[in-house]
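Enquirer: predicted structure and sequence below. I'll ask about it afterward.
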Amino acid sequence: MGEMAPTAAPKQSGSRSGATLALLALIACLAFLASFAIGRYAISIPNAINILLGRNISSESIDATAVLFYIRMPRIIAAMIIGAALSASGSTYQGLFRNPMVSPDILGVSAGAGFGAALGILLSFGIVGIQVMSFCGGISAVLLTLLIASAIDKEKNITLALILTGMVISTLFVSFVSIVKYVADTDNKLPAITYWLMGSLSAVDMSHVRMILIPMAIGFVPLFLLRWKLNVMSFGDEEARAMGLDTTRVRIIFVVCSTLLTASAVSISGMIGWIGLVIPHLSRMLVGPNYRVLLPTSMLVGAIFLLVVDDAARCVFSMEVPLGILTSLIGAPFFVYLLIRGKRGWA
């Protein structure tokens, strides 16, 4: 694992970066509209647009209206929000820890969320209860990581302490998940746990989307407003402190916001890997390392990527494919390509 080259200088001019962001925003809008027409129930794009705008809704389009508003819209919105959240979290962690191999689950949030959801399924909780358990499990895992890391090393090597402690906590919660799976009923509970851990948006509705809006907003807004500080943090703690930055407070803000984003995403989608690792690299190749542009780019690319993957998951095969499988099939080869390219892929 190598460190990312610390730099605060953008690789692209402001106009070119702005054009890239505008193009990505346009692609995201087109993908959003096109996704309404993708599915086993055939709906043309013009008809979908008319239904969304409330125009020319006939008795024949009542079923299409129900499909669009109650099935596809919640799923499309959730896919874009979750893709943006995981990408923003991964990009933030990579800058914060100055390491290109870091992903959103580095501090144990995904493993903790997985344990919370598995325990909720084992205890026969409803879907809302499972999501709350998942969210609480992810937050608890990160809090435990922060407490142990601060006890190990308060100042000198806090970054290394966080990474190592996060690995230990992740392993611990993965073991808890294994215990839950071992004692679960093999006819009902175990398949449900296994399917949830592979990631899916098939059960998402608007109530689930509304449930994560507040924690998502709490995570997104500070990251977006303070993203320039990641440029300073990339120089290292000593240099950042010399520039007048309170590195401890800034690190806590970034970790808390990224944890809220990841825990909220995992709580309704299950565990979807590779997005938070690969998308920030791809975004860095597009706009360079300046976080003023890199973070919004990562959010847009992540939203587009997961939306396209979810569209494929529900259409390519006769049965819906879990999202975690598809993101792994796409993300792993792409990351190998980045590794072959060497440091140019992320520096």
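Expert: Cool, the structure landed.
Enquirer: make it CA atoms for all contacts and neighbour counts henceforth
Expert: OK.
Enquirer: avg pLDDT for stretch 18-30?
Expert: Per-residue pLDDT values across stretch 18-30 average out to 94.
Enquirer: return the set of buried residues in it.
Expert: By neighbour count on 16 or more other Cα atoms under 10 Å, the buried set for stretch 18-30 is Thr20, Leu21, Leu24, Ala25, Ala28.
Enquirer: which element is the first one on?
Expert: Assigned by DSSP states H and E, Thr20 belongs to helix 14-35.
Enquirer: how many other residues sit next to Leu53?
Expert: Residues within reach of Leu53, counting by other Cα atoms under 10 Å, total 10.
Enquirer: residues in contact with it?
Expert: The contact partners of Leu53, by Cα atoms under 8 Å, 6 or more residues apart in numbering, come to none.
Enquirer: can you tell me how far it is from Met206?
Expert: Separation of Leu53 from Met206 (Cα to Cα, to the nearest Å): 18 Å.
Enquirer: got a list of contacts for stretch 322-330?
Expert: Identification of contacts with stretch 322-330 by Cα under 8 Å, 6+ apart yields 195, 198-201, 271-275, 309-310, 313.
Enquirer: return it as PDB; C-alpha atoms alone will do.
Expert: Extracted in PDB, the C-alpha atoms of stretch 322-330 (Å, rounded to 0.1, in the frame of the first residue of the first chain):
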ATOM      1  CA  PRO A 322     -27.700  -9.100  -5.600                       C
ATOM      2  CA  LEU A 323     -25.900  -5.800  -6.100                       C
ATOM      3  CA  GLY A 324     -22.800  -6.800  -4.100                       C
ATOM      4  CA  ILE A 325     -22.100  -9.600  -6.700                       C
ATOM      5  CA  LEU A 326     -22.300  -7.200  -9.700                       C
ATOM      6  CA  THR A 327     -20.200  -4.400  -8.000                       C
ATOM      7  CA  SER A 328     -17.500  -7.000  -7.200                       C
ATOM      8  CA  LEU A 329     -17.500  -8.400 -10.800                       C
ATOM      9  CA  ILE A 330     -17.100  -4.900 -12.100                       C
END
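Enquirer: what would the buried residues of stretch 18-30 look like in TSV with distance to Ser87?
Expert: Below are the buried residues of stretch 18-30 laid out as TSV (distance: Cα to Cα, whole Å):
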residue	distance to Ser87
Thr20	17
Leu21	15
Leu24	14
Ala25	15
Ala28	15
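Enquirer: surely Val180 is in contact with Leu119?
Expert: Yes: taking Cα atoms under 8 Å as the definition, Val180 is a contact partner of Leu119 at 6.6 Å.
Enquirer: who has more neighbours out of those two?
Expert: Leu119 (23 against 19).
Enquirer: do I have it right that the more buried one meets Lys181?
Expert: No: under the criterion of Cα under 8 Å, Leu119 is not in contact with Lys181, lying 9.1 Å apart.
Enquirer: and the next helix or strand past the helix holding Thr20?
Expert: Once the chain leaves helix 14-35, the next helix or strand it forms, by DSSP H and E, is helix 45-53.
Enquirer: how about that following helix: buried residues?
Expert: By neighbour count with 16+ other Cα under 10 Å, helix 45-53 contains the buried residues Asn47, Ala48, Ile49, Ile51, Leu52.
Enquirer: what sits against the nearest residue to Phe305 once chain neighbours are set aside?
Expert: Distances taken as Cα to Cα, 6 or more residues apart in numbering place Gly83 nearest to Phe305, at 7.0 Å, with adjacent residues excluded. Gly83 makes contact with Ile275, Met299, Gly302, Ala303, Ile304, Phe305, Leu306, Leu307 under the criterion Cα under 8 Å, 6+ apart.
Enquirer: what about 7 Å?
Expert: Neighbour list for Gly83: Gly302, Ala303, Leu306 [criterion: Cα atoms under 7 Å, 6 or more residues apart in numbering].
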